[in-house]
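> no sequence on this one, just coordinates:
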């Protein structure tokens, strides 16, 4: 027993000592350091792993194929957040000190972590890129200069889904008197679409019922009984991780038709539908990007990264979230490239990267050059618009594959913009922010 | 040799009842306080302050709160995170709705609100004990975050239900840098720890311990059980409430009700168990162990994988961290069920005899 105690005391002292003397891992000087808040464990780990593998694969591609951005090599470090807000903040604080230029731009990949960082980022001069998630009203860059909810935000998604349902019903006037359920993940993420859906319900005259599913969502019997009693015409699935697959299989159990279910883009990956098996057949989901391997950039990743044994996981190549990870990395890299054109070919600081993101202009020609083709729509940002196109495309799960079910379309852009500006103005008064564009 | 009280005579009752009757302890405490108040803000990096020390202090306070209830009064509670949520949301609303409200008063009122809620959920403790009481407090854990989410007024009707804490300013001084925030949290925690230390030595503290050890006997010698238990719930929830307010205002900056979930309650319970049930020092040791150990393990593993070129996937690192962490907790529970505080006590006893043990 004595020896045990001595050992335990020694262990504790050792661990404490190690913590004190540990130096911060030095990053190679002269590289563009990317701090990555990732997650690969926990109930959302499978989804996170697909996204972050794609993101890292693209960074590796830029190093292997092009030798960096205009000769500036990329380096990176990933910190595991487990989709947990407190751990996300700890990781952010850790990565921020790793390089004198900061972590370039952060992709929090979690609406909750985004909320935690929104007030910290301006103080630290670190831009946040939230691709298709996060705080919607941050689209107004005059109030949120450091936050970029690029491509489409949740309100674009929600109005896009309503429009898609209206198209299926044969026009928006047909929605009157219809019943729609929003089955949502009970977190900041799931609550984000509420105001815009309520506005749509009032405008188009459909009945909206909001049904929350508590984290992590692997038990939905009572929610689906409620749905069966209510007999809605459509169910909008606002799920993430294990919740989406559970929703699909429970829908099958209670006999709700899957072709009357529309997911948002975080509930529409192979991970969700494959886990639910045949229950997913016919299910629709919005998407920000196309799945598949028929893109030049995917072939390049296979050739330059995976063939050299530097890739993450070959099974993920071409999946929805992996492709989205590629796109996310591409926007950061292009933002740095844009900034370099103005500030010189050296590693960019957070402030310079922010300028680069705000002045991003990736048209179809540039997308073709980069090998992305039609995987994502073109993107042009400005000071007042940190969002971009707001386009969504619908896909349907048929025979074990996602197939496009619509063209790129947008919902009620005018209404979204109006609500974004109102909400951002409210935030600005609450926080005493004078709205305006940043110089330089 | 160094740690020996020979020659230190106590000539008054006051000296005999001092917080730290041994001179070496007094000096050690002063040195620790000096390091915490002067050394760390000067020399620790921003990462250390914001990501390690502030959460450590906040969790210490929450663990202290739970330790008062569970360790001293013997009432097992699984609702710690819910009481923290009450503190955070109440402090946010006091700041928001009353213009010119001093922030410290908001924290205080946040704690008082949590205390009131704590009394409410402490009422069943008169009739039920042990596991059954734990289940009753579990009701608080599920009910309170649900209520905060359900009633939009609590989060000022934000779309996402997230509350973003207002900036901290006291008498016109903005507490915006990590150093200042750390000092504020440290000052509050130090003060409240001192209060707790004195409280548990007082009449009410002895009443708690009497109830914990045998409530029938306590009743027979004239301790009013209901009042004693409810005071324990109130004081404990007050501490948790202030910790919750600090968690929101000084650490995360924005919190969603789901952040205060059962996991957090369990974490704080583990802090108490690992640190030492019924010990003020144990709350701090436990909080340090639970908040810092996973990070230490992760950083060590990252270093090792760099040094030996292991090329570990980040996910693997996290899994290993969970494994090692779980193993360490079991190790401690087997080797020293009374927690780290007891280990420290044993070390002290050994030091008194060193270098000539019997």
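That came through, no problem. For clarity, every value in this text was computed on a predicted model and none was experimentally measured.
> Tell me where the stretch 1-150 of chain B is predicted with low confidence.
B:1 (pLDDT under 70).
> In it, what residue lies closest to chain A?
Residue nearest to chain A within the stretch 1-150 of chain B: residue B:51 (3.7 Å; C-beta to the nearest C-beta). C-beta here means a position set from N, CA and C on the backbone, and glycine is covered the same way.
> For that residue, give me its contacts.
A:89, A:90, A:93, A:94, B:295 (C-beta atoms under 8 Å, 6 or more residues apart in numbering or on different chains).
> Would you mind giving these as a markdown table with pLDDT and neighbour count added?
Output for the contacts of residue B:51, formatted as a markdown table (pLDDT from 0 to 100; neighbours: other C-beta atoms under 10 Å in any protein chain shown):
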| residue | pLDDT | neighbour count |
| --- | --- | --- |
| A:89 | 88 | 24 |
| A:90 | 87 | 24 |
| A:93 | 88 | 22 |
| A:94 | 87 | 23 |
| B:295 | 81 | 19 |
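> Narrow the residues you listed to those in helices?
A:89, A:90, A:93, A:94, B:295 (DSSP state H).
> what about the residue lying closest to residue B:44 once chain neighbours are set aside, which SS state?
Nearest non-adjacent residue to residue B:44, counting by C-beta to C-beta, 6 or more residues apart in numbering or on different chains: residue B:53, 6.8 Å away. Assigned by DSSP: H, G, I helix; E, B strand; the rest coil, the conformation of residue B:53 is helix.
> Was I right to think residue B:53 contacts residue B:183?
No. Contact criterion C-beta atoms under 8 Å: residue B:53 and residue B:183 do not qualify, at 10.5 Å.
> Which one's more surrounded, these two?
residue B:53 (23 against 18; other C-beta atoms under 10 Å in any protein chain shown).
> show me the residues around the more buried one that make contact.
Contacts of residue B:53 by C-beta under 8 Å, 6+ apart are B:40, B:44, B:182.
> Tell me who's in contact with residue 201.
Picking chain A for this. So residue A:201 contacts A:180, A:207, A:208 (C-beta under 8 Å, 6+ apart).
> nope, chain B please
residue B:17.
> all helices for the stretch 51-200 of chain B, in order.
B:54-66, B:80-97, B:103-122, B:130-150, B:178-201 (DSSP state H, counting those that start in this stretch).
> which stretch among these comes nearest residue B:217?
helix B:130-150 (17.2 Å; C-beta to C-beta).
> What helices and strands are in contact with that closest one?
For helix B:130-150, the packing partners by 3 or more C-beta pairs under 8 Å, 6 or more residues apart in numbering or on different chains; DSSP states H and E come out as helix B:80-97, helix B:103-122, helix B:262-275.
> Swap in 7 Å and give it another go.
Here helix B:130-150 touches helix B:80-97, going by 3 or more C-beta pairs under 7 Å, 6 or more residues apart in numbering or on different chains; DSSP states H and E.
> Could you list every helix and strand in contact with the helix it packs on?
Packing partners of helix B:80-97 (3+ C-beta pairs under 7 Å, 6+ apart): helix B:54-66, helix B:103-122, helix B:130-150, helix B:225-246, helix B:262-275.
> One more pass at 6 Å, please.
helix B:103-122, helix B:130-150, helix B:225-246, helix B:262-275 (3 or more C-beta pairs under 6 Å, 6 or more residues apart in numbering or on different chains; DSSP states H and E).
> Now do the buried residues in that helix.
For helix B:80-97, the neighbour count (16 or more other C-beta atoms under 10 Å in any protein chain shown) marks B:80-95 as buried.
> for stretch B:21-39, same thing?
B:24, B:36.
> and that stretch, how far from the chain's centre?
Its chain's average C-alpha position is 20 Å from that of stretch B:21-39, according to C-alpha atoms, centre = their mean, to the nearest Å.
> Which residues are in contact with residue B:144?
Each residue near residue B:144 by C-beta atoms under 6 Å, 6 or more residues apart in numbering or on different chains is listed here: B:82, B:85.
> three-state assignment of residue A:37?
strand.
> Now stretch B:275-292: average pLDDT?
Per-residue pLDDT values over stretch B:275-292 give a mean of 91.
> burial count for residue 60?
Just going to use chain A. If we define neighbours as other C-beta under 10 Å, then residue A:60 has 21 of them.
> looking at chain B here, not the other one
Quick note: residue B:60 (other C-beta under 10 Å) scores 26 neighbours.
> residue contacts, it?
Contacts of residue B:60 by C-beta under 6 Å, 6+ apart are B:283, B:284, B:287.
> So residue B:106 sits against residue B:93, correct?
No. Counting by C-beta atoms under 6 Å, residue B:106 sits too far from residue B:93 to count as a contact (8.7 Å).
> and for the two, which residues touch both?
Common neighbours of residue B:106 and residue B:93 (C-beta under 6 Å, 6+ apart) do not exist.
> Give the buried residues for the helix or strand where residue A:195 lies.
Under the criterion of DSSP states H and E, residue A:195 resides in helix A:194-204. Across helix A:194-204, burial judged by 16+ other C-beta under 10 Å covers A:194, A:195, A:196, A:197, A:199, A:200, A:201, A:204.
> Tell me which helix or strand the one residue in the stretch 1-150 of chain A that gets nearest to chain B sits in.
Taking C-beta to the nearest C-beta as the measure, the stretch 1-150 of chain A has residue A:40 as its residue closest to chain B, at 3.1 Å. Assessed by DSSP H and E, residue A:40 sits outside every helix and strand.
> Chain A against chain B: which residues are in contact?
Contact residues (C-beta under 6 Å from any C-beta of the partner chain) of chain A with chain B: A:4, A:8, A:15, A:19, A:22, A:38, A:40-41, A:78, A:80, A:85, A:89-90, A:93-94, A:97, A:115-116, A:119, A:187-188, A:191-192, A:194-195.
> Emit the PyMOL select command for whichever of the residues you listed are buried.
In PyMOL syntax, the buried subset of the residues of chain A next to chain B is picked out as below (16+ other C-beta under 10 Å):
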select buried, chain A and resi 8+15+19+38+40+41+78+80+85+89+90+93+94+97+115+116+119+187+188+191+192+194+195
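> Now residue A:145. Nearest residue, chain neighbours left out?
Nearest to residue A:145 is residue A:438, by C-beta to C-beta, 6+ apart, at 4.8 Å.
> can I assume residue B:274 is in contact with residue B:284?
No. In terms of C-beta under 6 Å, residue B:274 does not count as a neighbour of residue B:284; the distance is 11.5 Å.
> Number of residues surrounding the spatially closest residue to residue A:137 that is not a sequence neighbour?
The shortest distance from residue A:137 to any non-neighbouring residue, by C-beta to C-beta, 6+ apart, is to residue A:423 (3.8 Å). Residue A:423 has 22 neighbours, counted by other C-beta under 10 Å.
> Next: residue A:230.
13.
> OK, contacts around it?
Residue A:230 neighbours (C-beta under 6 Å, 6+ apart): residue A:209.
> Give me the pLDDT value at it.
For residue A:230, pLDDT reads 91.
> Let me know the secondary structure of the residue of the stretch 251-400 of chain A found nearest chain B.
Per C-beta to the nearest C-beta, residue A:312 is where the stretch 251-400 of chain A lies closest to chain B, at 8.0 Å. Using three-state DSSP, the secondary structure recorded for residue A:312 is coil.
> Report the secondary structure element holding the residue nearest to it when sequence neighbours are not counted.
Once flanking residues are discounted, residue A:312 sits nearest to residue A:53: 3.5 Å by C-beta to C-beta, 6+ apart. Assessed by DSSP H and E, residue A:53 sits inside helix A:45-66.
> what comes up buried for that helix?
A:45-64.
> ranges for the strands of the stretch 201-350 of chain A?
Taking DSSP state E, counting those that start in this stretch as the test, the strands found in the stretch 201-350 of chain A are A:207-213, A:234-238, A:261-263, A:284-287.
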